[in-house]
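Asker: Sharing a sequence plus its predicted fold:
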Protein chains: 2
Amino acid sequence: MKAQNLVGGVWDDNPQANTYKTVNPVTKASLPTNFQEATKQQIQISVNKASEVFDLYSSISFAERIKFLSSIKSGLLKKSEKILDTFQNESALPKSRAEGEFQRTVNQIENFIKLLEEGSFIKPIIHTGGPDLRKMLNPIGPVAVFGASNFPLAFSTAGGDTISALAAGCPVIVKAHPYHSGTSTIVAEVINNALLNSDLPVEIFSHLGGTSNSVGSNLVSHPLIKAVGFTGSFQGGKALYDLAQNRSEPIPVFAEMGSINPIFITEKYLLEDNKLPANLAQSISLGTGQFCTNPGMIIYCDSENKSDISKQVYELLSDALLPPMVHINIENNYKSKLKNLKKNNHVKLMGISDNNSSLATISAQQLIENTYLFEEIFGPFSLVVHCNSLNEMNKIASLIPGQLTATILAKKSDFSNISSIVKILKNKVGRLLFEGVPTGVAINQAMNHGGPYPASTDVRYTSVGTDSIYRWLRPISFQDCPDSFLPPALQNVNPLGINRVVNGIQTKTEL
Amino acid sequence: MKAQNLVGGVWDDNPQANTYKTVNPVTKASLPTNFQEATKQQIQISVNKASEVFDLYSSISFAERIKFLSSIKSGLLKKSEKILDTFQNESALPKSRAEGEFQRTVNQIENFIKLLEEGSFIKPIIHTGGPDLRKMLNPIGPVAVFGASNFPLAFSTAGGDTISALAAGCPVIVKAHPYHSGTSTIVAEVINNALLNSDLPVEIFSHLGGTSNSVGSNLVSHPLIKAVGFTGSFQGGKALYDLAQNRSEPIPVFAEMGSINPIFITEKYLLEDNKLPANLAQSISLGTGQFCTNPGMIIYCDSENKSDISKQVYELLSDALLPPMVHINIENNYKSKLKNLKKNNHVKLMGISDNNSSLATISAQQLIENTYLFEEIFGPFSLVVHCNSLNEMNKIASLIPGQLTATILAKKSDFSNISSIVKILKNKVGRLLFEGVPTGVAINQAMNHGGPYPASTDVRYTSVGTDSIYRWLRPISFQDCPDSFLPPALQNVNPLGINRVVNGIQTKTEL
């Protein structure tokens, strides 16, 4: 296992570095590698080199980018055994989850390859009456990507942020998450090897480690970084956002942060759906609750107190076999938040089971009077809220802050009564569900993973699905530009053969 | 002329208000109306009412929005005489400019009507394998628009920001520019009347006046404002941006700010193009230099000191008949900046002509050592930079901050030598020109009016052309949503008959 940082495409050994280790969450034993924390100088070199090769990389053909992504994909497949072993060692997540996340990561790469093959995502628009104006989307510049603690693969080193940025034509500097630095380093080697086996400059990709916040903040503060991708806590995301806005040149930060993903259940649905307790318990405990779409609040209507839904869900949760949380810090943070919760007399905490899962209950009225309870408690936990009426549900919906998702579970015969709550929630979320549970985020083009603040820092973009590429693109218009200076997508003969809008008409025809 | 503010769609008289007048820049005489400055309470009511009707307005049909925009257009045409008179009284801009800007404003409305008629700008994407996912763009919420001092019509009350936001489905609160409050108020009446004659709630549109910065800052600080459109100075735009980022919920600010729009001229072009001095002088003096795309820096290569370009341009500038600047404050600010310029011994100021126009010269080397000179001097002025080599031009290009535009004037025989400067400038600008001058901003879909910071606060968006609508839209995915709760654009039968992407294929066919 490499302990060094990948600086401007070169593994740079620094014997004087501060070091840190990853930990097996099951055995609590440290794993052997002494990972080196990146120095300020290494960060600077990484960004400077990325900036130097930016124009070159931004201008290479889609065919070259496709080769590069394909090479990353085949490199990951070749190293899959080592990656999966390290993933499990560092995360305690079960094999099936490791394999699922690995496959998701590979599928994401395939989706971006398809997007590049089709090619029209850069939206070429040509207008020839008057001045000859030709517009397309261009890469924004070097991008900083932060690995997420809860997704060692799919939201980390070769995850959605990195791959979408590389597909867009942006060099990437990854700040590895210290809880899975081993997994991250192996993946970084795969990307670096893909570059070494190509004609592309190795400086396109760097990989920096560290446990100190200063690594991330120095990276984001570097004037040549042009955008930031982050998935994690509100505290972490907001700190990076503020830092980036207070630079002398503010830059976009796409921080996908906390969310309680409320599930609203009508009285009829509650009493008629037998599978509800099992579905809820499974969603709450999935990945030991470490998903951004974990349902942290369940709001149900039960005017006659007929249901014992919380008891049923709690029993199922307690019986489940859950791995430990991915890191002791996350577990401690989770438990301290539950402890805090107990201080509120109106919340009834149903205990913390052996597998860490927990549930608490509160009345709608008390929740309405204690809106601080809308804050996320990251882990296998949900606050179950008892409403006596649809009105109370509507009131809660209107008080809830911005969310990644909300779910409405209703019977057809409820439809005439729930239009208010649909309207309220639509304007609070990035994704609105009417069946199932919010965990399980499909990676197709119709997905939106993002949401009004504080769920994310930029409601206009998704971090999942191929539309996530638009985070790293910005338009440039070329006016009366000689064909030889135009990017291929805008040249007269349409050498890429892609769809373009020419004088208002979508066409592949040459000019 | 109404002196009141339009608060939540109602003209709200406040006899206790602070008042202010507009001024005729030619006669320096105050115009009669005592415009009332909006109070904090009026601002709050305007935003609260806008927020209350947001969901209703966001959900109405495109047909209704088209009717509304058409009604604004016909209202403007009916009032054109009064609008043009007031425009000229308040701005001193000539009749032809007033008429041109009026027509531009009408054309913009027509373009957005066409966009709504076609309908696919909301980008419906449907994916039916696995969970049924349907995504489209939705309006972002109530928008604050700031009128621009230099465009009393096209970038003000019914200008691009307001019309694109209304077309997107967002209520708008306009902060009128105090230099043309009369023009602004008449246009606000037109919009209000269009609402009164419709079935739409009048609260969709408010119009607030004031000379104090607190009106704008109270508006942007209101928690229910969800985005801001601004065209003006760097100081003004950056202040609003910082304010918006420091709210408890940060929101997007689309501030289109200063730019020096450099023109780079090769030696061959300089010596061979006879019309160059006239073209430059005309662009510098157009609208008395009060355009965001005014060329504030002209960088030419002349290795043998053959050209007297600056002298020629200055003579043409001095001979031109220019109206005064639109306001004495702008003129004073302009003159004080020229005065400051004189303090630099390496800058040769060629005097300020009777019509306010001016030119200064500097050597490339001195500019490179005094990069503060890249700051915009808003007005009919340009800094003419003498380079001895293409290398010096490249160096200047690489030092220049983000710009709305840059122009490269070169002969065909230069093309093999200018690829470096093309590459450098491409990454610095929103629009790169190879002929003509940067003034004159076409309003078609291929236009990009925006650019890397500090030219604008969000390089990903244009403020001119129909793509400017994307500033006010954000995606929502509906998962397994009953057809009756889906917006029409996503319903099975495709009732709008618009293009949608269904399982990866673009089609108008129903599901």
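Answerer: Everything's here; your move. Numbers count the residues shown, from 1 in each chain, chains lettered A, B, ... in the order given.

Asker: tell me the secondary structure for the residue lying closest to residue A:451 once chain neighbours are set aside?
Answerer: Excluding its sequence neighbours, the residue lying closest to residue A:451 (Cβ to Cβ, 6 or more residues apart in numbering or on different chains) is residue A:430, at 3.3 Å. To be clear about C-beta, it is placed using only N, CA and C from the backbone, and glycine gets the same treatment. Residue A:430 falls in the strand class when you classify it by DSSP: H, G, I helix; E, B strand; the rest coil.

Asker: for chain B, what are the nearby residues on the stretch 1-150 of chain A?
Answerer: Within the stretch 1-150 of chain A, the residues that sit near chain B (Cβ under 8 Å from any Cβ of the partner chain) are A:54-55, A:58-59, A:125-127, A:129-131, A:133-135, A:138, A:140-141.

Asker: who wins for neighbours among those?
Answerer: residue A:135 (28 neighbours; other Cβ atoms under 10 Å in any protein chain shown).

Asker: Do I have it right that that one meets residue A:125?
Answerer: Yes. Using Cβ atoms under 8 Å, residue A:135 makes contact with residue A:125 at a distance of 4.7 Å.

Asker: Could you name every residue contacting both of those two?
Answerer: Common neighbours of residue A:135 and residue A:125 (criterion: Cβ atoms under 8 Å, 6 or more residues apart in numbering or on different chains): B:445-446.

Asker: Find the closest residue to chain B in the stretch 251-400 of chain A.
Answerer: residue A:252 (7.2 Å; Cβ to the nearest Cβ).

Asker: Run through the bridge partners of the closest residue to that residue other than its chain neighbours.
Answerer: Closest residue to residue A:252 apart from its sequence neighbours, by Cβ to Cβ, 6+ apart: residue A:227 at 4.9 Å. Beta-bridge partners for residue A:227, by DSSP bridges, are residue A:143.

Asker: What is the three-state secondary structure of the nearest residue in space to residue A:324 that is not next to it in sequence?
Answerer: Closest residue to residue A:324 apart from its sequence neighbours, by Cβ to Cβ, 6+ apart: residue A:25 at 4.6 Å. Recorded secondary structure, residue A:25: coil (three-state DSSP).

Asker: picking that back up, from the residues of the stretch 1-150 of chain A next to chain B, which land in strands?
Answerer: Assigned to strands by DSSP state E, the following of the residues of the stretch 1-150 of chain A next to chain B qualify: A:125-127, A:133-135, A:138.

Asker: how about the helices in the stretch 301-450 of chain A?
Answerer: A:309-319, A:328-342, A:364-369, A:390-399, A:419-426 (DSSP state H, counting those that start in this stretch).

Asker: got TSV for these, with mean neighbour count, mean pLDDT and distance to chain B too?
Answerer: Listed next are the helices of the stretch 301-450 of chain A as TSV, based on neighbours: other Cβ atoms under 10 Å in any protein chain shown; pLDDT from 0 to 100; distance: least, Cβ to the nearest Cβ, whole Å:
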stretch	mean neighbour count	mean pLDDT	distance to chain B
helix A:309-319	19	97	21
helix A:328-342	15	95	21
helix A:364-369	17	98	19
helix A:390-399	18	98	11
helix A:419-426	19	97	5
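
Asker: thinking again about what came up before, roughly how far does the residue nearest to residue A:252 sit from residue B:253?
Answerer: According to Cβ to Cβ, to the nearest Å, residue A:227 and residue B:253 sit 17 Å apart.

Asker: who's more crowded, the two?
Answerer: residue A:227 (27 against 24).

Asker: isn't the more buried one right up against residue A:143?
Answerer: Yes. Between residue A:227 and residue A:143 there is a contact at 5.0 Å, judged by Cβ under 8 Å.

Asker: Give me the common contacts of the two.
Answerer: A:165, A:170, A:472.

Asker: Turn those into JSON lines, columns for pLDDT and secondary structure.
Answerer: Below are the shared contacts of residue A:227 and residue A:143 laid out as JSON lines (pLDDT from 0 to 100; DSSP: H, G, I helix; E, B strand; the rest coil):
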{"residue": "A:165", "pLDDT": "98", "secondary structure": "helix"}
{"residue": "A:170", "pLDDT": "98", "secondary structure": "coil"}
{"residue": "A:472", "pLDDT": "98", "secondary structure": "helix"}
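
Asker: so which of these comes closest to chain B?
Answerer: Taking Cβ to the nearest Cβ as the measure, chain B sits nearest to residue A:472 out of the shared contacts of residue A:227 and residue A:143, at 9.5 Å.

Asker: how near is the closest one to residue A:50?
Answerer: 13 Å.

Asker: got the contact list for stretch A:439-448?
Answerer: By Cβ under 8 Å, 6+ apart, stretch A:439-448 touches A:104, A:107-108, A:111, A:160, A:283, A:286-287, A:291, A:293-295, A:430-431, A:449, A:462, A:464-467, B:125-127, B:129-131, B:133-135, B:475-477, B:501, B:504.

Asker: mind redoing it with 7 Å?
Answerer: When contacts are defined by Cβ atoms under 7 Å, 6 or more residues apart in numbering or on different chains, stretch A:439-448 is touched by residues A:104, A:107-108, A:111, A:283, A:286, A:291, A:293-294, A:430-431, A:449, A:462, A:464-467, B:125-127, B:130-131, B:133-135, B:475-477, B:501.

Asker: Show me how to select, in ChimeraX, the buried members of these.
Answerer: This is the ChimeraX syntax for the buried subset of the contacts of stretch A:439-448, where burial follows 16 or more other Cβ atoms under 10 Å in any protein chain shown:
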select /A:104,108,111,283,286,291,293,294,430,431,449,462,464,465,466,467 /B:125,126,127,131,133,134,135,475,476,477,501
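
Asker: wait, isn't residue A:203 in contact with residue A:50?
Answerer: Yes. Using Cβ atoms under 7 Å, residue A:203 is in contact with residue A:50, at 5.9 Å.

Asker: more crowded one of these two?
Answerer: residue A:50 (29 against 24).

Asker: Can you name every helix or strand that the helix or strand where residue A:97 lies contacts?
Answerer: Per DSSP states H and E: residue A:97 is located in helix A:95-118. Helix A:95-118 is packed against helix A:62-78, helix A:80-91, helix A:160-168, with contacts defined by 3 or more Cβ pairs under 7 Å, 6 or more residues apart in numbering or on different chains; DSSP states H and E.

Asker: so the shortest one versus helix A:95-118, what angle?
Answerer: Calculated by axes from the mean of the first three to the mean of the last three Cα atoms, to 10 degrees, helix A:160-168 forms an angle of 20 degrees with helix A:95-118.

Asker: Past helix A:160-168, which element shows up next along the chain?
Answerer: With DSSP H and E, the next secondary element past helix A:160-168 is strand A:172-175.

Asker: strands paired with that following strand, and their directions?
Answerer: strand A:143-146 (parallel), strand A:205-208 (parallel).

Asker: Dump that strand to CSV, keeping only the CA atoms.
Answerer: Provided in CSV are the C-alpha atoms of strand A:172-175 (Å, rounded to 0.1, in the frame of the first residue of the first chain):
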residue,chain,number,x,y,z
VAL,A,172,-9.1,16.8,-10.4
ILE,A,173,-7.4,17.0,-7.0
VAL,A,174,-8.9,14.5,-4.6
LYS,A,175,-8.7,15.1,-0.8
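
Asker: Which residues does the residue nearest to the spatial centre of chain A form beta bridges with?
Answerer: In chain A, the residue lying closest to the centroid (Cα atoms, centre = their mean) is residue A:231, at 4.7 Å. Residue A:231 has these beta-bridge partners by DSSP bridges: residue A:256.
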